[in-house]
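In: quick one: sequence and predicted model below, then my questions.
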Amino acid sequence: ERTFPQPTMQQALMRFCIRRGIDFANSRKQLEQVRGIPIELALPPSLDTLLRDQHRLADVAGQIREFDIPVRSVHAPHGELGHGSFRNWAGKIIQFAEDLGSEILVFHPEERPEGTRKDEQSSALLNIKYLQDRTGVLIAVETLWDKERVLTPDEIMEHRLPMILDTSYIPKTEVTWIIE
């Protein structure tokens, strides 16, 4: 059975901060507005955008230091967690998160067609474990309740993965179950 690191008490506590999404073209303006304020940094959601503009990550890191912005977590772009290229592009985001002093790096489980989920889930779990073994940044998976995902919220808990609870996607019938 795979084991994943459990969050420390400090990491397990709920923290609230401003979510700041950036695009590389306007990152300076977007970050200057939150000077000195703790943020959850959301990278552009498109993996293609990140891969095309990954050279800009150093600029963004410099701006974050210049504006003295504590980054509590980094949200990676949406990409396939079970794909062979995941370790490569995710590794670059891990280095970025480490450089910023972020405690948490969040990945988003991708949608999967019925019948392919379990094979891809196994690859995703192996990839997450591989990367987690190589960093002090806590790798977490966001809960997305809206569609069939490679990892559902129940499976994230079943595999004891650190998770980010995105309450904006929780169906009303599930709210009580989560609280209990």
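Out: Now that the structure is in, tell me what you want to look at. Everything numeric here is computed off the predicted structure, so don't read it as measured data. Residues are numbered from 1 along each chain as shown.

In: switch to C-alpha atoms for all contacts and neighbour counts from now on
Out: OK.

In: what about the most centrally placed residue in the chain, which SS state?
Out: In the chain, the residue lying closest to the centroid (Cα atoms, centre = their mean) is V106, at 1.3 Å. State at V106, reduced to three classes by DSSP: H, G, I helix; E, B strand; the rest coil: strand.

In: quick one: it from I164, how far?
Out: For V106, the distance to I164 (Cα to Cα, to the nearest Å) stands at 7 Å.

In: what do those two both touch?
Out: A140, V141, E142 (Cα atoms under 8 Å, 6 or more residues apart in numbering).

In: next up, the contacts around the residue nearest to the centre of the chain.
Out: Counting by Cα under 8 Å, 6+ apart, V106 has contacts S73, V74, H75, A76, I139, A140, V141, E142, I164.

In: could you redo the last one with a cut-off of 10 Å?
Out: 40, 42, 73-77, 94, 138-142, 162-164 (Cα atoms under 10 Å, 6 or more residues apart in numbering).

In: what does W89 give?
Out: Here W89 is in contact with L47, L50, L51, Q54, A76, P77, G79 (Cα under 10 Å, 6+ apart).

In: got the buried residues for whichever strand or helix holds it?
Out: Assessed by DSSP states H and E, W89 sits inside helix 86-100. Going by neighbour count (16 or more other Cα atoms under 10 Å), the buried part of helix 86-100 is F86, R87, W89, A90, I93, I94, F96, A97, E98, L100.

In: I37 reaches R65, doesn't it?
Out: No. Here I37 does not reach R65: they are 11.9 Å apart, not a contact under Cα atoms under 10 Å.

In: who touches both of these two?
Out: V71.

In: I'd say D53 and A25 touch.
Out: Yes. D53 is in contact with A25 according to Cα under 10 Å; the separation is 9.5 Å.
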